[in-house]
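Asker: Give me a 3D structure for the following:
(chains A and B)
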Amino acid sequence: MINLLFFGRLGDFATQVPPTIEASTPAEIRQLLTADFPDLARELQQPQVLVSVNKMIVGWDQPLFDGSEVAFLPPVTGG
Amino acid sequence: MSTELSHDQFMRYSRHLLMDDIGEAGQQKLSQARVLIVGLGGLGCPVALYLAAAGVGQLSLCDPDHVELSNLQRQILYTDTDCGEHKVKCAERELSALNPHISISSYSSEISEELIDNQDIVVDCTDNLAARQLINSRCHNNKIGFVSASALGWEGQLMAFDFPAHSTLCLNCIIDKNSPEPMQNCSNSGVVGPVLGAMGSLQATTVIRMLLGYFQQHGEMQRYDGKAGRWLALAAKAKSDCLVCGEAG
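Answerer: Here you go, the predicted model:
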């Protein structure tokens, strides 16, 4: 199972999302969430959303393994 | 600028001088440093205040904007009577009053590549990707330290790059320069003032770490969620096809 973390304001869209999921890439997680959590999936489609696996920033096609922690990070641009 | 600390400077920096890992040698490094702060908004104000107070010897300030009433909720260098004035001029006045021993240069203009040259570190306190990418590219090419932060709502993000010591892994490896600006920004979505203070303080701390030789984590990223009270430390990898630092750069 893959452990999920929706950081910051993404967490506001993910209160009903189970904490774990079966998936092989972060992109697949995003796809799996589309049907049940369309608002969250839309947020994840925004440009500059970052994804990390085990605290390393990676691409959306990064292979996942049992026990991986995948974190989704919304863009932060103001100053 | 004198290389010896005066009596007044000994008193002013006594809390640094008491620390074995700063001391007089560290204070001298700070006094000889050249740091450019780009953007004197919610991040740039605390960065400038802490670096001026710490005795960073040559501070340069760059921001084309004027102080507006809506800035005063978070931009802590300015007061009500500053509205309409150039931010960098108000900031220079306040920072000179805080620490008259340092040199301050101000530029009420957009950032240019020429301003970045001859700095030891550039602190990115801007609010847009285009400026961040320009600074990243120039700092990478000229081996200048780069400390970038941003904030939105309750959240903050910091990234820091030790380009004098590392030629691969840069901002563009993490956020592609061709990606569009996100729809949400502070002007249309808001921001909590102390979140900017937290991230600006972290930027200033990172600058001091770099200047004193204690920065070891090239490309480190810190994320802060002020509403949840949570920090997340992340690392990143260089992209071989990066247009700035990769083989194609």
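Asker: CA only for contacts and neighbour counts going forward, please
Answerer: Noted.
Asker: Can you give me every residue that contacts A:His21?
Answerer: One correction, residue A:21 is Ile, not His. Taking C-alpha atoms under 8 Å, 6 or more residues apart in numbering or on different chains as the criterion, A:Ile21 is in contact with A:1-4, A:29.
Asker: Just the buried subset of those, please.
Answerer: Neighbour-count burial (16 or more other C-alpha atoms under 10 Å in any protein chain shown) is assigned, among the contacts of A:Ile21, to A:2-4, A:29.
Asker: Helix, strand, or coil at residue 52?
Answerer: Looking at chain A here, since you left the chain open. Using DSSP: H, G, I helix; E, B strand; the rest coil as the criterion, the local structure at A:Ser52 reads strand.
Asker: other chain: chain B
Answerer: helix.
Asker: Could you pull up the contacting residues of it?
Answerer: The neighbours of B:Ala52, taking C-alpha under 8 Å, 6+ apart as the test, are B:59, B:95, B:98-99, B:102.
Asker: List just the nearest of these to B:Ser70.
Answerer: Closest to B:Ser70 out of the contacts of B:Ala52 is B:Leu95 (21.6 Å), distances taken as C-alpha to C-alpha.
Asker: Verify the assumption that that closest one is located in a helix.
Answerer: Yes: secondary structure assignment places B:Leu95 in a helix (three-state DSSP).
Asker: one step back: using TSV, lay out the contacts of B:Ala52 together with pLDDT.
Answerer: Conversion of the contacts of B:Ala52 to TSV gives the following (pLDDT from 0 to 100):
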residue	pLDDT
B:Leu59	98
B:Leu95	98
B:Leu98	98
B:Asn99	98
B:Ile102	97
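Asker: Save those residues as JSON lines, and put in neighbour count too.
Answerer: Formatted as JSON lines, the entries for these read as follows, by neighbours: other C-alpha atoms under 10 Å in any protein chain shown:
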{"residue": "B:Leu59", "neighbour count": "22"}
{"residue": "B:Leu95", "neighbour count": "23"}
{"residue": "B:Leu98", "neighbour count": "13"}
{"residue": "B:Asn99", "neighbour count": "20"}
{"residue": "B:Ile102", "neighbour count": "19"}
